[in-house]
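Visitor: Please find the sequence and the predicted model below.
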Amino acid sequence: MTDTTTDSNVAPASGGISLAEFFRSPAAGAFMGFVVVFVVFAIFGFSRNFLSIPGITTWVNFASLVGIIAIPVGFLMIAGELDISTGAVLPAGAMTVAILCGHYELPVLVGILGALCVGALVGFINGFIVTRTEVPSFIVTLATLFAVAGLTLYLSILFINNTNSFYHAPDWAKALFGGKVFGFNSSVFWWIALVTAFYFFLHKSPKGAWVFALGGDQESARNAGIPVRGLKIGLFMLCSICAAFAGALQVITFNSATSQANFGLIFNTIISVVVGGVLLTGGFGTVMGIVFGVLTLAIVTQAIGFTEIDRNLSFLIIGVMLLIAVLMNDTFRNLATSWSTSKKK
Amino acid sequence: MSDKQPVLELRNVDKSFGPIDVLHEISLKVGEGEVLCLLGDNGAGKSTLIKTLAGVHQPTRGEIIMDGAPTTFSSPREAQERGIATVHQFGGTYPLMSIGHNFFMGVEPTKGFWPFKVYDREKANRIAVEEVQKMGITRITDGDRLVGGLSGGERQSLAIARAVYFGARVLILDEPTAALGVKQAAHVLRIVNEAKRRGLAVIFITHQVMHAMAVGDHFAVLIRGAIAADFRKGDKTREEIADLMAGGESMADLEANIEGYMESHEGHVPPPVH
Ligand SMILES: Nc1ncnc2c1ncn2[C@@H]1O[C@H](COP(=O)(O)OP(=O)(O)O)[C@@H](O)[C@H]1O
Ligand SMILES: [Mg+2]
């Protein structure tokens, strides 16, 4: 151990966060994707009110409900898991509020709490099964998706003999959960608050790193003393609670609820997360990336009517975007994990 | 070693998985500042043995003795708390996370007050880089770099530096050099020596005899779950050890064959045996 003390092959100049590094990160990719889509839509929508208040609020309002769910879905993907039961938990949450408050006339907070409990329970079941068995979370949550969807329909018929329900919240609750400020729904402000909290948790709090560790190498995470099971169950619960909360916001905003499963939501959340730069294989992702992913998806699917672009092209754009995002994410991963080999002479 | 109390000792340990007996009457010991090399071919039971030491498996029979007292490790966590650190082949690291995060995974330093306690990135990065440099890896200067960008040897070094920093007394390395090139392997071997110099008891698993010879004080050869040979540095030559690992005379026979062939064929080697 005397020789080669100075094999300093000149470490790559890595002074803090360089601009080049920022542009290599998937969050930056999501941001640039958003900017490109926004600019293109603004150009084609200039004469069709894309930049008007209704033009903007349409997609921002849509984004807020998807976004409240997409971030915890993204957490799960970072942790190496998938949750598609959200498509059933959102209507279950909405129907819980509508039945408890609309039909049985209980206080609105009881209804919301009930919805959150339904979410917590479904999330716990998802997490419990995933952590105790070898069944992939895709299959587990596919099963709970159908189970919860079926149960919601069955119980709706049982309690109110109808698959749809109506509920008018009292004024204060309407203002807080389903009001409008300059055309922006309350859910937008809830989303902003949740994004702040989620950002703090994932990127600032000491426990955020544990989520990445789950997706990076679960065995090492366990050996490092991270409560793998508890954390995973917690993330599944967070995801379902957020889906149920979005359901509650929806019913208070639109005064009606349906027990039909929302299969579109599943695709929307997962597309947003992937377009937002979260690696499908887990271990990497950012909250701000997901936010831009959600906003991009919302523009393409909701605001296309405010532009001269043919409405039918929106799915095509989504598909192409998704492919580009996956390829970019892969490139990022390869760059990040092959640094040493590429810098070798 | 005979005078000092070993840090960790196995006495007649058997390990079976249901009907499959993997380890047979293993007795080993390792003391402070000593490197025990565990040699053995693939499937000999090396990984099973170290998993038993690290609390992943519990012995079916026999006992584990730490600092002279019989012990059981019911979980990897418990073994770790007692100072047994295991570094796996790929360093047990998270490639898409920073050096600082990897170093402090599970024990993140924080600053600020609840509920706004935040991960202290500067502190984590600074300590991680310092500790790795102390182990002789001077190329690592930026704690924000992703571990995926490090070479295999640097990753091993990071994991070893981490174990040393968090007060490990026994360092178990499972084939740390298996996937590395010559230079990288030399790096890791140097760090093993550094850990030894700092008084850690090191258990070094490998099937590369040269690597074992470079750092080992004490050698144990595992064949089909049993200790086939147990000797100290200088007692045996490299060829003898390779023979033992291969399970007897076959290696010597092969070499004799090759040498004979080369002598009669002007220095050319024979075609490989199929
Ligand atoms: N959990 C287990 N259940 C049954 N057999 C096992 C288990 N773990 C290891 N073995 C068997 O024990 C033997 C030794 O394996 P291992 O310890 O991994 O060897 P090595 O690390 O020396 O290559 C192998 O034959 C393997 O099949
Ligand atoms: Mg092995």
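Guide: Right, received. Where do you want to start? Numbering: from 1, shown residues only, chains lettered A, B, ... in the order given. Ligands and ions are numbered 1, 2, ... in the order given.

Visitor: give me phi/psi at the residue of the stretch 1-150 of chain A found nearest ligand 1?
Guide: In the stretch 1-150 of chain A, the residue that lies nearest ligand 1 is A:Glu134 (14.6 Å; CB to the nearest ligand atom). Placement of C-beta: from N, CA and C, glycine included. When quoted as degrees, to the nearest 10, the phi and psi of A:Glu134 stand at phi -100, psi 0.

Visitor: Same check on A:Val181?
Guide: Backbone phi and psi, for A:Val181 under degrees, to the nearest 10, turn out to be phi -130, psi 110.

Visitor: I'd guessed it sits against A:Ile192; true?
Guide: No - taking CB atoms under 8 Å as the contact criterion, A:Val181 and A:Ile192 are not neighbours in contact, 11.8 Å apart.

Visitor: Need the CA coordinates for stretch B:186-201. PDB is fine.
Guide: Output in PDB follows, covering the C-alpha atoms of stretch B:186-201 (Å, rounded to 0.1, in the frame of the first residue of the first chain):
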ATOM      1  CA  ALA B 186      -5.700  -3.500  -6.000                       C
ATOM      2  CA  HIS B 187      -7.500  -0.400  -4.700                       C
ATOM      3  CA  VAL B 188      -9.900  -2.500  -2.700                       C
ATOM      4  CA  LEU B 189      -7.100  -4.600  -1.300                       C
ATOM      5  CA  ARG B 190      -5.300  -1.500  -0.100                       C
ATOM      6  CA  ILE B 191      -8.400  -0.400   1.700                       C
ATOM      7  CA  VAL B 192      -8.800  -3.800   3.300                       C
ATOM      8  CA  ASN B 193      -5.300  -3.300   4.600                       C
ATOM      9  CA  GLU B 194      -6.200   0.100   5.900                       C
ATOM     10  CA  ALA B 195      -9.200  -1.300   7.700                       C
ATOM     11  CA  LYS B 196      -7.000  -3.900   9.300                       C
ATOM     12  CA  ARG B 197      -4.400  -1.300  10.300                       C
ATOM     13  CA  ARG B 198      -7.300   0.500  12.100                       C
ATOM     14  CA  GLY B 199      -7.900  -2.600  14.200                       C
ATOM     15  CA  LEU B 200     -10.900  -4.100  12.500                       C
ATOM     16  CA  ALA B 201     -11.400  -7.800  12.300                       C
END
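
Visitor: Please identify the residues of the stretch 1-150 of chain B in proximity to ligand 1?
Guide: Within the stretch 1-150 of chain B, the positions lying close to ligand 1 (CB under 6 Å from any ligand atom) are B:17, B:20, B:22, B:40, B:42-48.

Visitor: Swap in 5 Å and give it another go.
Guide: Contact residues, the stretch 1-150 of chain B versus ligand 1 (CB under 5 Å from any ligand atom): B:17, B:20, B:22, B:42-48.

Visitor: Make a markdown table out of those and add distance to A:Ala243 and neighbour count.
Guide: Conversion of those to a markdown table gives the following (distance: CB to CB, whole Å; neighbours: other CB atoms under 10 Å in any protein chain shown):
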| residue | distance to A:Ala243 | neighbour count |
| --- | --- | --- |
| B:Phe17 | 42 | 10 |
| B:Ile20 | 46 | 8 |
| B:Val22 | 46 | 19 |
| B:Asn42 | 48 | 8 |
| B:Gly43 | 48 | 11 |
| B:Ala44 | 51 | 24 |
| B:Gly45 | 48 | 22 |
| B:Lys46 | 47 | 23 |
| B:Ser47 | 42 | 19 |
| B:Thr48 | 44 | 19 |
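
Visitor: out of those residues, which are inside helices?
Guide: Cross-referencing these against helices under DSSP state H gives B:46-48.

Visitor: want to throw these into TSV with distance to A:Ser259?
Guide: As requested, these are arranged in TSV below (distance: CB to CB, whole Å):
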residue	distance to A:Ser259
B:Lys46	57
B:Ser47	52
B:Thr48	53
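
Visitor: same for chain A: which of those are within range?
Guide: Of the entries in those, not a single one is placed beside chain A under the rule of CB under 8 Å from any CB of the partner chain.

Visitor: Mind putting these into CSV with pLDDT?
Guide: Shown next, in CSV, are these (pLDDT from 0 to 100):
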residue, pLDDT
B:Lys46, 89
B:Ser47, 87
B:Thr48, 91
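
Visitor: Chain A: which of these is nearest?
Guide: Using CB to the nearest CB, the shortest approach to chain A within these belongs to B:Ser47, at 12.8 Å.

Visitor: which residues touch the closest one?
Guide: With contacts defined as CB atoms under 8 Å, 6 or more residues apart in numbering or on different chains, B:Ser47 is in contact with B:174, B:205.

Visitor: Setting aside sequence neighbours, what's the nearest residue to B:Val7?
Guide: Nearest residue to B:Val7 in three dimensions, chain neighbours excluded: B:Ala201, at 4.3 Å (CB to CB, 6 or more residues apart in numbering or on different chains).

Visitor: and that neighbour, how far is that from chain A?
Guide: Using CB to the nearest CB, to the nearest Å, B:Ala201 is found at 19 Å from chain A.

Visitor: same thing with B:Ser27?
Guide: Using CB to the nearest CB, B:Ser27 is found at 26 Å from chain A.

Visitor: ok, residues contacting the helix or strand where that residue lies?
Guide: Secondary structure here is read from DSSP states H and E; on that basis B:Ser27 sits in strand B:20-30. By CB under 8 Å, 6+ apart, the list of residues contacting strand B:20-30 from outside reads B:1, B:6-16, B:36, B:38, B:45, B:48-49, B:52, B:59, B:62, B:170, B:201-203, B:218, B:220, B:225-227, B:230.

Visitor: picking up where we left off before, closest to A:Lys232 among the ones in helices among the residues of the stretch 1-150 of chain B next to ligand 1?
Guide: Proximity of these to A:Lys232 was ranked by CB to CB; the top entry is B:Ser47 with 26.0 Å.

Visitor: Can you get me a residue count around whichever residue of chain A sits closest to ligand 1?
Guide: Ranking the residues of chain A by distance to ligand 1 (CB to the nearest ligand atom) places A:Glu219 first, at 13.9 Å. Neighbouring residues of A:Glu219 were enumerated by other CB atoms under 10 Å in any protein chain shown; the total is 12.

Visitor: hmm, back to that, what pairs with the strand holding B:Ser27, parallel or antiparallel?
Guide: Here the strand partners of strand B:20-30, with direction, are listed using DSSP bridges: strand B:8-17 (antiparallel).

Visitor: Count residues in the vicinity of B:Thr86, would you?
Guide: Close neighbours of B:Thr86, defined as other CB under 10 Å, add up to 25.

Visitor: just to revisit the earlier point, among the ones in helices among the residues of the stretch 1-150 of chain B next to ligand 1, which one lies nearest to B:Val147?
Guide: Closest approach between those and B:Val147, by CB to CB: B:Ser47, at 22.9 Å.

Visitor: Can you select the buried ones from the contacts of strand B:20-30 in PyMOL?
Guide: Here the buried members of the contacts of strand B:20-30 are turned into a PyMOL selection, burial being counted by 16 or more other CB atoms under 10 Å in any protein chain shown:
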select buried, chain B and resi 6+7+8+9+10+11+13+14+15+36+38+45+48+49+52+59+62+170+201+202+203+218+220+225+227
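
Visitor: Quick one: low-confidence residue ranges for chain A.
Guide: Across chain A, the ranges flagged by pLDDT under 70 are A:1-26, A:338-345.

Visitor: Show the residue spans covered by the strands in the stretch 151-300 of chain A.
Guide: Secondary structure of the stretch 151-300 of chain A (DSSP state E, counting those that start in this stretch): strands at A:164-166, A:180-181, A:184-185, A:256-258.

Visitor: Same question for chain B.
Guide: B:8-17, B:20-30, B:34-40, B:61-66, B:69-71, B:84-87, B:110-111, B:118-119, B:170-174, B:201-206, B:218-223, B:226-232 (DSSP state E).

Visitor: Could you pull out the helices in the stretch 101-250 of chain B for me?
Guide: In the stretch 101-250 of chain B, helices defined by DSSP state H, counting those that start in this stretch lie at B:121-134, B:152-165, B:182-197, B:209-215, B:238-246, B:250-264, listed in chain order.
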